[in-house]
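Engineer: my questions are about this predicted structure, shown below with the sequence.
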Amino acid sequence: GDSNGDSNGDSNGDSDYIDFKRACACVSTRGFHLQQGEPEKEQPSEKAEKGENTNDYSGPFLLPFIDMLNHSAEKKCTTLQRDASDGSFVMIAERNVSAGEEIFHTYGTGLTSAQLLQTFGFVETGAARRAANDQWNNGPYGITPATLSAALILSACRSVMGSSFPTDLKGAMGQSGLEDETWDLTAGKDRDILSHGLISNDILITTDNGPLLSDELVTLCCLPFLPDEVYAEWSEEPCLWSADVLEDFFLGKLALRALMKAIGAKLGEYTAVDALTCGLGKGGVEKGEGDKDGELLSCLLGATSAVRGAKRSRAVHALTIRLEEKHCIDLLKKEIIDTLKGLDEDEEGNFDEDNGDDKSTRDDSATSGDKRRNDVDNGGDTAADSFSKKIKL
């Protein structure tokens, strides 16, 4: 603003900013995108020479009247198409439409509840019911991914290092005759792992792209526990590792235990939601043990019109997204437990699959005994040398 406090300058600036925000909101909430079709066989320059339309822009487009259609991923009956000859738009019915039937369109395929809420200000009722009933295969809805912060995971790794778990694990491995190497872990607490720029500050836990134990997540959990020599080699040429690296018994147990502790801390960040704050009054969910989010969401979805309002809508939105995130975390936990079982070849043990709390691990860490022997002939190498060969640094 003007250094002399010119009110006109401030007013004009504010007015321009308000207009800019309104324009952005219009484009964000009203803009249509065309689905990408098959790739063009001809380059735009070749089409231009023939006088053909070269517009490859897919959106957003502002289309008055068409933008009055409501969204439904489940009930949609129209597809937006563009005439390549003149650039005009047409909305095509995909099926017969009954007289008086509301015509729905989809604002995007596979959008998560978080994406719909952020962009359009609502969450689909069908997605909310799916979350409340814990029936994740129902409906054409996306699932909001959870995030695990790298700082939280590294904190969990340091917690494992400072616990009795590594010592107990070494002892159990020795008693059972496992030949996998072990090493000292003290130096890993001070490593500046994120400075290499290879790993994000927040890691997405999503159901969309293959295993939830992603390369980024596996690498982050393993780096604090590496032998010094191996970490030095990795620092020279940083790379991401797949879950295969967890097949090393010592490293796999340490990394996965830390990840379970990080998951426990993440779940602790979801504070309890009180029914009164959701507009349900005293008829809400009673306090008790366990996760009440799904039960509370069911009550909100079944609430009478007398208790429906802004509080109820906001609570439905928040709980739906929260349950979608928790579903991703649950799937990750199951994947971790399956990986641990693969290491142990035994479903029994003292590993706390809820939050990774430290317990005695003599039975948990090495129940496989003779079932799992190191098939790598290290030829007298140090633990670090042999481990480097395993992960092919």
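Structural biologist: It's in.
Engineer: separation between residue 257 and residue 326?
Structural biologist: For residue 257, the distance to residue 326 equals 21 Å [CB to CB, to the nearest Å]. The C-beta positions use only the backbone N, C-alpha and C, and glycine is treated the same way.
Engineer: buried residues, the longest helix along the chain. List them.
Structural biologist: Scanning the chain for the longest helix, with DSSP state H as the assignment, gives helix 310-344. Neighbour-count burial for helix 310-344, counted by 16 or more other CB atoms under 10 Å, picks out 312-313, 315-333, 336, 339-340, 343-344.
Engineer: who does it touch, helix- and strand-wise?
Structural biologist: Judged by 3 or more CB pairs under 8 Å, 6 or more residues apart in numbering; DSSP states H and E, the packing partners of helix 310-344 are helix 113-120, helix 125-133, strand 146-149, strand 202-205, helix 249-268, helix 293-301.
Engineer: try 6 Å this time
Structural biologist: helix 113-120, helix 125-133, strand 146-149, helix 249-268, helix 293-301 (3 or more CB pairs under 6 Å, 6 or more residues apart in numbering; DSSP states H and E).
Engineer: now the ones you listed in CSV, with mean neighbour count and mean pLDDT?
Structural biologist: Shown next, in CSV, are the helices and strands packed on helix 310-344 (neighbours: other CB atoms under 10 Å; pLDDT from 0 to 100):
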stretch, mean neighbour count, mean pLDDT
helix 113-120, 18, 90
helix 125-133, 20, 92
strand 146-149, 20, 96
helix 249-268, 23, 95
helix 293-301, 20, 89
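Engineer: make JSON lines out of the ones you listed and add distance to residue 190.
Structural biologist: Converted to JSON lines, these look like this (distance: least, CB to CB, whole Å):
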{"stretch": "helix 113-120", "distance to residue 190": "36"}
{"stretch": "helix 125-133", "distance to residue 190": "42"}
{"stretch": "strand 146-149", "distance to residue 190": "19"}
{"stretch": "helix 249-268", "distance to residue 190": "16"}
{"stretch": "helix 293-301", "distance to residue 190": "39"}
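Engineer: out of these, which gets nearest to residue 72?
Structural biologist: helix 125-133 (8.1 Å; CB to CB).
Engineer: residues in contact with that closest one: which ones?
Structural biologist: Helix 125-133 is contacted by residues 74, 113, 138-139, 141, 294, 297-298, 301, 316, 320, 323-324 when judged by CB atoms under 6 Å, 6 or more residues apart in numbering.
Engineer: of these, closest to residue 91?
Structural biologist: Of the contacts of helix 125-133, the one sitting nearest to residue 91 (CB to CB) turns out to be residue 74, at 18.3 Å.
Engineer: for the closest one, what are its contacts?
Structural biologist: Neighbours of residue 74 in contact, by CB under 6 Å, 6+ apart: 126, 139.
Engineer: my guess is residue 213 contacts residue 244. True?
Structural biologist: No - using CB atoms under 6 Å, residue 213 is not in contact with residue 244; the gap is 10.5 Å.
Engineer: who's more crowded, those two?
Structural biologist: Using other CB atoms under 10 Å, the more surrounded residue of residue 213 and residue 244 is residue 213, with 21 against 11.
Engineer: which stretches of the stretch 251-393 of the chain aren't confidently modelled?
Structural biologist: Residue ranges of the stretch 251-393 of the chain with pLDDT under 70: 276-277, 279-291, 304-308, 345-393.
Engineer: let's go with 80 and repeat that
Structural biologist: Flagging of the stretch 251-393 of the chain using pLDDT under 80 yields the residue ranges 274-291, 303-310, 345-393.
Engineer: of the helices and strands packed on helix 310-344, which is nearest residue 162?
Structural biologist: Using CB to CB, these put helix 249-268 closest to residue 162, at 11.2 Å.
Engineer: remind me what the closest one packs against, helices and strands.
Structural biologist: Against helix 249-268 (3+ CB pairs under 6 Å, 6+ apart) you get helix 150-161, helix 215-222, helix 310-344.
Engineer: that one vs helix 150-161, what angle?
Structural biologist: Here the directions of helix 249-268 and helix 150-161 differ by 130 degrees (axes from the mean of the first three to the mean of the last three CA atoms, to 10 degrees).
Engineer: with just CA atoms, put helix 249-268 into PDB.
Structural biologist: What follows is helix 249-268 as a C-alpha-only set of coordinates in PDB (Å, rounded to 0.1, in the frame of the first residue of the first chain):
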ATOM      1  CA  PHE A 249      15.800 -59.900   9.100                       C
ATOM      2  CA  PHE A 250      17.500 -57.400  11.400                       C
ATOM      3  CA  LEU A 251      16.800 -54.400   9.200                       C
ATOM      4  CA  GLY A 252      13.300 -55.500   8.400                       C
ATOM      5  CA  LYS A 253      12.300 -55.900  12.000                       C
ATOM      6  CA  LEU A 254      13.700 -52.500  13.000                       C
ATOM      7  CA  ALA A 255      12.200 -50.600  10.100                       C
ATOM      8  CA  LEU A 256       8.800 -52.100  10.400                       C
ATOM      9  CA  ARG A 257       8.600 -51.700  14.100                       C
ATOM     10  CA  ALA A 258       9.400 -48.000  13.700                       C
ATOM     11  CA  LEU A 259       6.800 -47.700  11.100                       C
ATOM     12  CA  MET A 260       4.200 -49.300  13.300                       C
ATOM     13  CA  LYS A 261       5.100 -46.800  16.100                       C
ATOM     14  CA  ALA A 262       4.700 -43.900  13.600                       C
ATOM     15  CA  ILE A 263       1.300 -45.300  12.600                       C
ATOM     16  CA  GLY A 264       0.300 -45.400  16.300                       C
ATOM     17  CA  ALA A 265       1.400 -41.800  16.700                       C
ATOM     18  CA  LYS A 266      -0.500 -40.800  13.600                       C
ATOM     19  CA  LEU A 267      -3.800 -42.400  14.800                       C
ATOM     20  CA  GLY A 268      -3.300 -40.500  18.000                       C
END
